[in-house]
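> Sequence first, then the predicted structure, then my questions.
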Amino acid sequence: MKKASNLNLRKASTAKKDEFYTQLSDIERELKNYKKKFKNKTIYCNCDDPKVSNFFHYFSYNFEKLGLKKLITTCYKNQNINLFSQNNSDKAIFLEYDGDKNNNKIPDIDEIGVKSLIGDGDFRSKESIELLKKSDIVVTNPPFSLFREYVSQLIKYKKKFIIVGHQNAIGYKEIFRLIKENKIWLGYGFNGGAAHFINRHYEDTATASDHREGMIRVSGVVWFTNIDISKRHEDLILYKKYSAKEYPKFDNYDAINVNKTSDIPIDYEGAMGVPITFLNKYSPEQFEIIDGLNRYSILDGPTLKTRGKYLSQVKGKPIYIRIIIKNKKYGNRTKKN
């Protein structure tokens, strides 16, 4: 199942058909943790066709409850005549919603401002950037194939965001550096680390019990954000003790390998290589992120010293991406004892 899901992801990246529309239930499950952060804010969904976007649905139907200031949505070349398209089938559009005017608690057509864009609605276009500048928080599911560029733009314009991405992006140098510097982190996540997206470009190869018509299952999807959340400040409970036998060192890097986040030893002071799923439990008060390992250092790439060596390797066996961490609280614990 995992191989099939990753194959689907690679197809999307290659074909640039990144129309993975997020389910309303997944949006509701994540965004309930940020409700107080939305008050008096302008929300921008800049990769969303309102015909199928559940982000637009969530924010428009909860506009008053969340205390929003404004909701803006841009659509990349809306090709279908629908509720908001004004029959301009080849025009990119943007919507502005300022809330319920007739007290029926429903975002009616005449309450939603629909305007055509001169360009194609791409998030990199001048028009879209101007709308971005007017916003406070960006919430969307951006194209996986353009994730680095998308996040770079958000950081450049100093925007808060909650966006869907794939955990493979953690291994991108640009993204990993932001994580290390505590400029972005993971949200609460999808159930089981996988999600079903509305997508009609690809056949869903999930098992029969997990198959959903008109949808595609992708494993390893996560929420990235730079909005502070309570889980970032919850210490991971550690109980295991270090032993050289159970925690061998990497062949070409001075750190021990830890196969499961739950197995991080409570009494080890040095560097440890942990799975990328560690970031779901990461607290910057408890741990320091030092580097990331794939074949080479994620931050430094190949150097004269490391070229030709496989850094993420134990006893001759390559291991999937590892995050190198240190326990900040170990020294404090030993001093108290």
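Okay, I see it. What you see is a predicted model; the values in this text were computed from it and never measured.
> any residues touching the one helix or strand residue 289 maps to, and which ones?
Residue 289 is part of strand 287-293, with elements assigned from DSSP states H and E. For strand 287-293, contacts defined as C-beta atoms under 8 Å, 6 or more residues apart in numbering pick out 170-171, 176, 179-180, 236, 250, 253, 271, 273, 282, 297-300, 311-312, 321-328. All C-beta atoms are positioned from the backbone trio N, CA, C, and that covers glycine.
> what's the distance between residue 232 and residue 315?
Distance of residue 232 to residue 315, computed by C-beta to C-beta, to the nearest Å: 34 Å.
> Looking at the two, which is more packed in?
Under the neighbour definition other C-beta atoms under 10 Å, residue 232 and residue 315 were set side by side, and residue 232 has more, 17 against 10.
> Need the pLDDT of that one.
Note on residue 232: pLDDT of 96.
> ditto for residue 86
40.
> now do residue 197
Reported pLDDT for residue 197: 79.
> Give me the three-state assignment for residue 122.
Assigned state for residue 122: coil (three-state reduction, DSSP: H, G, I helix; E, B strand; the rest coil).
> doesn't residue 132 make contact with it?
No - using C-beta atoms under 8 Å, residue 122 makes no contact with residue 132, being 12.0 Å away.
> Spatially, what comes nearest to residue 229 if we skip its sequence neighbours?
Of all residues beyond its chain neighbours, the one nearest residue 229 is residue 33 (5.9 Å), with distances taken as C-beta to C-beta, 6 or more residues apart in numbering.
> List the contacts of the one you found.
So residue 33 contacts 187, 188, 229, 230 (C-beta under 8 Å, 6+ apart).
> do that again at 10 Å, thanks
162, 187, 188, 223, 225, 227, 229, 230, 231 (C-beta atoms under 10 Å, 6 or more residues apart in numbering).
> could I get the residues you listed as CSV with neighbour count?
Supplementary listing: the contacts of residue 33 in CSV, determined by neighbours: other C-beta atoms under 10 Å:
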residue, neighbour count
162, 24
187, 21
188, 17
223, 24
225, 23
227, 17
229, 17
230, 8
231, 16
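> now, which of these sits nearest residue 136?
Using C-beta to C-beta, residue 227 is the member of those that sits closest to residue 136, with 10.6 Å.
> name the helices or strands packed onto the next helix or strand after the strand holding residue 289?
Proceeding N to C from strand 287-293, the next assigned helix or strand is strand 313-314, under DSSP H and E. The contact analysis (3 or more C-beta pairs under 10 Å, 6 or more residues apart in numbering; DSSP states H and E) places strand 313-314 against strand 256-257.
> Am I right that residue 74 is in a strand?
Yes - counting by three-state DSSP, residue 74 is part of a strand.
> For it, grab the count of nearby residues.
Residue 74, neighbours per other C-beta under 10 Å, totals 26.
> What backbone torsions are found at the nearest residue to it once chain neighbours are set aside?
Nearest residue to residue 74 in three dimensions, chain neighbours excluded: residue 94, at 4.4 Å (C-beta to C-beta, 6+ apart). Main-chain dihedrals, residue 94, degrees, to the nearest 10: phi -140, psi 150.
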